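A.B. asks: make a model of this:
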Amino acid sequence: MKTIDKLCKVNKKYENFIELIERILTIDDRNYQSVKKELSSFCDDYFENDSQILEYCKKNYIPFDEDEEL
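C.D. replies: From the prediction side, this is the model:
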């Protein structure tokens, strides 16, 4: 838990993500869809294939090893 707290202090987006996850885990069925939609809009889209992953990494300056399998 200490690590999550530290990350939340360092990165506001991460803190928002954790708050959404907490809400989903504790929400009643009536409100689940609205929070799920909010989380979906917050998160990145799913990748269809490996080339999309590599493209995303390059675009966002995320290091990766092109020789390594994804």
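
A.B. asks: mind listing the helices for this structure?
C.D. replies: 2-10, 12-26, 29-42, 50-59 (DSSP state H).

A.B. asks: pLDDT on the second one, on average?
C.D. replies: Pointing back at helix 12-26 there. Mean pLDDT, computed over helix 12-26, is 89.

A.B. asks: name the helices or strands packed onto it?
C.D. replies: When contacts are defined as 3 or more CB pairs under 8 Å, 6 or more residues apart in numbering; DSSP states H and E, helix 12-26 packs onto helix 2-10, helix 29-42. Where you see a C-beta, it was placed from the backbone N, CA and C, and this is true even at glycine.

A.B. asks: got the contact list for that helix?
C.D. replies: The contact list for helix 12-26 (CB atoms under 8 Å, 6 or more residues apart in numbering) reads 4, 7-9, 32, 35-36, 38-39, 42-43.

A.B. asks: now the buried members of the residues you listed.
C.D. replies: When the contacts of helix 12-26 are checked for burial by 16 or more other CB atoms under 10 Å, the buried set is 8, 35.

A.B. asks: tell me which of the helices and strands packed on helix 12-26 lies nearest to Tyr61.
C.D. replies: Proximity to Tyr61 (CB to CB) singles out helix 2-10 among those, at 18.1 Å.

A.B. asks: just the CA trace of the closest one, in PDB.
C.D. replies: In PDB, the C-alpha atoms belonging to helix 2-10 read as follows (Å, rounded to 0.1, in the frame of the first residue of the first chain):
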ATOM      1  CA  LYS A   2       2.900   2.400   0.700                       C
ATOM      2  CA  THR A   3       4.000   2.100  -2.900                       C
ATOM      3  CA  ILE A   4       0.600   2.900  -4.300                       C
ATOM      4  CA  ASP A   5       0.400   5.900  -2.000                       C
ATOM      5  CA  LYS A   6       3.800   7.200  -3.100                       C
ATOM      6  CA  LEU A   7       2.800   6.700  -6.800                       C
ATOM      7  CA  CYS A   8      -0.400   8.600  -6.200                       C
ATOM      8  CA  LYS A   9       1.500  11.500  -4.700                       C
ATOM      9  CA  VAL A  10       3.900  11.600  -7.600                       C
END
